[in-house]
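S.K.: Sequence plus the predicted model coming up.
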Amino acid sequence: MFAYTVRRLAQMVVVLFGLTILIFTMLKAMPGDPAKVMAGLGARPETIAAIRLKLGLDEPIPVQYWKFVTGLLNGQLQAMTFHKSVWAVIIERLPATVELGVFALIIALLVSIPAGILSAVYRNSPLDYAVTTIALIGISVPVFWLALMLMLVFGVILKVLPVSGRGDTLWGWSFLTLDGLRHLVIPAVALASVQMALNARLTRASMLEVMRQEYVKSARAKGLREWVVMGRHAFRNAMLPVVTNVGIQVGALFAGAVLTETTTAWPGIGRLMVESIARLDQAVVFGLTLFMGTCFMVSYLVVDLLYAYIDPRITYD
Amino acid sequence: MLRITKVCIVLLGVVLAGWGAFGETSKPSTPGAKVGGTLTIGVSQDFKDMDPRIANSVYDSYVIASVFDRLVELDPYTLEPRPFVAKSWEVLSEDRVRFYLNEGIKFHNGDELTAEDVAFTFNWMANPANNSPNFTELVWLEQAVVVNKYTVDIVTKADYAPWAPGFATESQAIVPMKYVLEVGDAAFNQFPIGSGPYKFVEWRQGDRIILERNENYWLVYPNLDRVVYRVIPELSVMMLELEAGGIDIADNMPAQDVERFRANPKVEVLQVPSLSYFYVFFNMSRPPSSDIRYRKAVYMSVDMDAAVFSIFQNLTGVRAYGCIPPRLWASDVKYLKNNIALQYDPEEAARLIAELKAEGVIPPGYKTTIYCPLDPRRTQLATIIATGLREVGLDADVQPLAWGPYLDLVYRSEADPLAESLDQGILGWSGGPDPHDFIYYMFHSDNAVVGSADNLSFYMNPLVDWLLLKAATTLDQHLREWLYTEAQRIIYGDYVHIPGYHYIETRGVRTSVQGYNIDPLGNQYLCTPFVNVWIDPTR
Amino acid sequence: MKAALYILTLIAPGLGHMVIGRVGKGILFMTVLAGHAGTAYLAFQRGRFAWQPQPFAYKVSPTALWVSTICLLVVAAAVWVAALWDLRRSVQRQEASHVEAEGYWRLVSRRFSQDPKGLIGLAIISIVCYVAIFAPFLASTDATRMNLRAALVEPGPSHPLGTDNFGRDILDRIIFGARVDLGIGVVATVFNMMLGGLLGLVAGYYRKTPDAVIMRILEIVNAVPFLVLVLLAISLFGSSVGMMILVLGIFGLEPARIVRSEVLSVRENDYVMAARAMGAPTRRIIFRHVLPNSIASLIVVATMAIGVNIIVVAGLSFLGFGVKPPTPSWGSMLQEAQEFMRRAWWMAVFPGLSIVTTVFGFNILGDSLRDVLDPRLK
C-alpha cells in the first residue's frame, strides 16, 4: 500500500511536469502580448517595452519557463494584471469556489441518492422512468442557461432569492451568514444539476447491482422487512461507489464553475480563469491550471486509496 | 470604453474665461436630503488598481472618485474646471500655473493634505521610470513645484506652453505622500487612503468593493453610510439585478432594456451623449483593403442607418459620420452626412466586388474576416457587415477576440499569425472635449507605429498630417475649426473608416437614489462640490 | 399472393405491412415517406434542387445543395428498401415455425426495439439528423439573411418561431444550426474515437513503455477541466468550425482508457493466447478479437460524447469563443439571446430547447444502448 502510494505520487509529479509544459507552450503560443494589455490602448512603445522587461517577457522561453515553475513553487511568481503573487490571487478567490462546489455536491447528493434508491427499488415503475428522465434532462441542460433561468424566476419574478453575486461573508466564507447563504442557492443549484443527474444514475445502477447479490436475497429470505433489507444491507453497500465517486467529480465541478461563476457573478476561480485568459495574464492562467490539475489528481488518488481501505478485496501492488 | 482617460480636460483652456478668479470651493446643495443608507452600484468589469496614479480603467475610477479628492473639479454641465482641493489658481506665465489649496483637508489617516502631496502625485506619474499607464496624460508636465505648504506651481514643458492652463487643470486625484512612502506602492494599491468623502473598507476580489462615510470630510457631510461597488460581468444579469433591486445603479444599459425600464416606476433611465466614436477601420497597408473600391464596396454593402438603429434603437447610440462627436465643435456632421457618407447600395457594391475579383485584387475564393472585441455591440455591427458582404458576393465572417489578442492584432505585431488576414476591424475611441483627442491620434502618421498604433489603418497623408499639426499648435479657434473640418473631409473622403456610432452613456438608477447626476465623461461621482447623493427609502 | 404484397410495398412502403396485419409498422413507413415527400415538395417549391439556379443572395454552397439533393434520393430509396426487407422478414417469420438461435447482434436489436428509451432517443436523433441534412430544403432562407426592419417579431404565421434582433428567422437558424452543432459533435466524436481507440490499442497491446507514456498523456489531459483546456486551445487557434472539431477531437480522449482496459482483459483470454501461440499476426488478433469486444462500450461512450460536445460548444459560445458569426449555431443563438431575455423570450427558448432535446436524445439513446449492449447478454 505504501509502495503504491509512493509510486502514484511519483507518477503525479511526472504528470504535473507534463502539464506545466503543455500549458506553458499553449500560453506562449497564444497570440497577444500581455504587456500591451497592461499598458492599454494608446500606450507608447517605450511603456510597453518597460512592462515587457518587468514581466520578463523578453527573456528566452526556457528561462521564462523555469521562472514560472520555480516561482510557482516558492510562491514568488507575480500575477501580471494584479500587483501581487499568483498564489495570493488564487487564495483570495478560492473560498468562493470551494463553498460553491461543496454546496453543489451536498445538494446533488441530497437529491440524487434518495432519487436513485427509489428508482432502483421501484424499478420500471413510472417513478423510475420519471427519475431517469429528469436525470437525463439534467445532464442535457447547459449550466449557464439553467442559472439564467433560475435567476429570472427566483430572483426577478418571484423575488425570493437574490439574483447574483456573493453576499455577506464572515471570515471570508459566505455560508456562515444568512445573506451569504441565500446568495449561494442559485449558483449551487445550477452547478449541482449535472452532478445530481450523474449521481442519481450511479446510485440506481449500484443499488440494482447490490440487490442482485446473494446476501440481500438471503436477508430477504430470512423474512426481514423490506426496508430493513434495503436500509441495512443494500444501501450501505450501494453507497460505496457513489461516495468514492465524489472525489472524481472535482474536475467536473471546476469546469462547471467556469460557466456558473461567469453567469452568476460569483467571484471564484472559475471566473478568474476566464478573465485571465481574456486578459492574457499568463502567470495566473498557468498557476490556476496547475492548481486545478493538482486538486483533481490528489482527489483521484485519495479516492483510490480510500477505496482500497474500505474494500479489502482491492489490493494495489 | 477603449482609451480610458480618467482625466479628459486637455486643450479646454482656449475657451475658458475667468482664469484663476475663484476664491472658494462651492458646496453641493441637496435640499431635503436624508442621511443614511447603502448605495449599491453595479460595475461591468472587475477592478484592477486602486492607486489613482496607475489606475487607468474607467471602472477603477468609479471608486477612486469617491475615495480621493481632485485638485480641481469639472462642472458637470459646462465641463469647466472649478475649485476643489485647489480653492483658486492663477496663470503666472505661459508655462506656469499657481494653485492655492484649501487648508485643513485631512486624509483618512488624519494627515493633512498639503502642496507636497500634490507635487508628489504629479511628479510621480510624470516620471517615465515609474511606468505609469497614465504617463501619456501628463506627458506635458515638466515639474510640480512646492512653493509653500498650501501653494503649488505646475510647470509645463516648453512645447506645450500655450496649453498650460488646460493641462494643469486635469482633474487628478491627490494621494497622501507620507502614507504611500510608508506602506509602499503595492500595499497602497490594495488599500488606498485618500481625502475623499468615502473611506475604503474592504476589497473582496472579483466581487465587490465597500466604502463607508468619511465622518470628518472637509467639504460637506456625505449622505450615504456605505457605498458598495459590485462586479457583474454579464450585462443581462446586471439588468436582472436592477429590476430586482439588487443594485441601485447599473453603469450600463443596452438599448433593448431602455423602454422596459422607462415604463418601470422604480427605475429611472439617465442618459448623456458620451465623447466616444466607434468605427470600422481598414488596413491600408495591403490589398484588398488598400484599394479604395474595396473600402467603398464594404461601406455600400451595409445599410448603416438600419444597422445602427437595430443595435441602438435610437436610444443608446447615434450614427456617426466622422470621428468628432456631434457634441464637440468641428464635428461637421451635416457636410459629412450629405457629401461623404455612402448610401446603402448593394448593386454598386456587388459590381465593385466583382470588378476587384476580375482584376485579381480579391483573389479567387477569398474570405475576409471582420475582427472585433468581445463586446455585444461591436459584434453585432460586425455581424451586420459580414452579412452585407456575403450578400454582395464576398464571403465574410466575424471573429470576436479577447482584448489581449485583439490589441496584438490591430497593433500589427509581427509575431501575430492573424495579422496576415487583417482587412478590417472594429474599435472604439473615447477622448476629451477637444477634436485633437480624436482626429490626431487616429489619423496622424506619427501614430502609425507598429507595435503601438492608434492610427490603426496606418493612414499616411502628408496634407492631413500638416493640417492636424497646425491645428494642434495654434490658438485661433476659427482657424482650428477650419483645419479640423478640412482634415476630416479629406480623411473620410478616402474612406479610411466606416464611421459607426457615437455611444450615448446610459445608466439605470433606482428612483430611491436622489441627487445623482450622470457624468458625461463616464465616471460616478457621489459627493463632490456639485453633488451629494442620498437615498430616499420611501421611493 | 406474396408478389402482390411486394408490389403493394413498391407502390407505397407500408401498405404491404398493413395487409398482413402489421398496422403500426405500416403507418410508420408511410409517415416517414409522407414526411420525406413533404421535404421534396418544399425543395421543389423553393427551387432548391442543386441543378436549379439559386438567387444571388442565397449563400449555400452548390456542394451542400448537391449533398442534400442526393441524400433526398438516397433516403427515399432507403425507405423502400427497408420496407421491402422488413416485409420479407415478417413474412418469413410468419411462415417459419421454429425459432432460430439468435446471434449477439440480433439479440441486441431485438432488445433495443423493445426499449422505449432507446426508441425515443433514436427518433429524436433521426429527426435532428434529417433536419440537418435537408436544411437547405426545409429552411426558407439561408439563415444569415437579415431584415433589420423586422427585428424581434413575435412567433406568428410568417415566422413560426419569431425573429431575432437582426430580423433573422429563428426557425431557419435552428435548422441550419443543427448542421453546425451536430457536425461539430459528431465529427469531433468520430475523430476522438479513432485517436483514442488507436492510443488505447497501442497502450494495451504493447504495454510497458508505450503504455506508460500514453497513460501519462491521458492523465495530463484529464487533469485539467475539459472546458478550460478547450478554451485555451480555442483562444490559441481561433474558433473556426474546423479548429473546434480538431480541438474537441484531440482532447476528448476518454475512449483510449476503455479500449486499453478491454485490450488488457482480452489479451489474457485463452483464445487470444491460443491465437498468438499459433502465430497469428498482431493485426489479425486486434481486428478479430479486440475491437469487436470493445465496440459495445465505445458505441455507448460515443453516443454520450456527442451530447457532451454539443454542450461544450454551447458553453464556449456563451463565453464568446463560439462558432464565428454569422454562421448559426445553437450556442451562439443562446448567447445572443441572453441580452434580449426580457424582451424576446422566443430568441432564447427555442435554441435552448433544441440543445436540450438533442442532447437528451443522445443521452437517452446512450443510456438505452448501455443496457442493450451489456456484454453479460452474451
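M.R.: Received, thanks.

S.K.: How about the residues of chain B by chain C?
M.R.: B:234-236, B:239-240, B:243, B:254, B:256-257, B:260, B:303, B:306-307, B:309-310, B:350, B:369, B:374, B:376, B:379-380, B:382-384, B:386-387, B:390-391, B:393, B:395, B:397-400, B:402, B:405, B:418 (Cβ under 8 Å from any Cβ of the partner chain). To be clear about C-beta, it is placed using only N, CA and C from the backbone, and glycine gets the same treatment.

S.K.: which of those residues count as buried?
M.R.: Neighbour counting by 16 or more other Cβ atoms under 10 Å in any protein chain shown classes B:234-236, B:239-240, B:243, B:254, B:256-257, B:303, B:306-307, B:309-310, B:350, B:369, B:376, B:379-380, B:382-384, B:386-387, B:390-391, B:393, B:397-400, B:402, B:405, B:418 among the residues of chain B next to chain C as buried.

S.K.: now, which of those lie close to chain A?
M.R.: Checked against chain A using Cβ under 8 Å from any Cβ, those give the following subset in range: B:234, B:236, B:240, B:243, B:402, B:405, B:418.

S.K.: now for these, which pair is the farthest apart?
M.R.: In these, two members sit farther apart than any others by Cβ to Cβ. They are B:Glu243 and B:Leu418, at 39.4 Å.

S.K.: which helices and strands does the helix or strand hosting A:Thr203 pack with?
M.R.: Secondary structure assigned from DSSP states H and E places A:Thr203 in helix A:178-211. Counting contacts by 3 or more Cβ pairs under 8 Å, 6 or more residues apart in numbering or on different chains; DSSP states H and E, helix A:178-211 packs against helix A:86-121, helix A:126-138, helix A:143-150, helix A:236-248, helix A:250-264.

S.K.: mind listing what B:Glu268 touches?
M.R.: With contacts defined as Cβ atoms under 8 Å, 6 or more residues apart in numbering or on different chains, the neighbours of B:Glu268 are B:508-511.

S.K.: one more time with 10 Å, if that's ok
M.R.: B:261-262, B:507-513, B:516 (Cβ atoms under 10 Å, 6 or more residues apart in numbering or on different chains).

S.K.: Next: C:Val228.
M.R.: A:23, A:251, A:254-255, A:257-258, A:270, A:273-274, A:277, A:285, A:288-289, A:292-293 are the contacts of C:Val228 under Cβ under 10 Å, 6+ apart.

S.K.: what's the answer for B:Asn517, then?
M.R.: With contacts defined as Cβ under 10 Å, 6+ apart, B:Asn517 is in contact with B:76-77, B:270, B:272, B:509, B:524-525, B:528, B:530-531, B:533.

S.K.: pLDDT averaged over stretch B:135-153 - what is it?
M.R.: Mean pLDDT, stretch B:135-153: 85.

S.K.: and the end-to-end length of it?
M.R.: End-to-end distance for stretch B:135-153, by Cα to Cα, to the nearest Å: 19 Å.

S.K.: coming back round to it: take the helices and strands packed on helix A:178-211 and lay them out in a markdown table including mean pLDDT, mean neighbour count and distance to chain B.
M.R.: Output for the helices and strands packed on helix A:178-211, formatted as a markdown table (pLDDT from 0 to 100; neighbours: other Cβ atoms under 10 Å in any protein chain shown; distance: least, Cβ to the nearest Cβ, whole Å):
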| stretch | mean pLDDT | mean neighbour count | distance to chain B |
| --- | --- | --- | --- |
| helix A:86-121 | 89 | 21 | 4 |
| helix A:126-138 | 87 | 18 | 23 |
| helix A:143-150 | 88 | 24 | 7 |
| helix A:236-248 | 74 | 17 | 27 |
| helix A:250-264 | 83 | 26 | 6 |
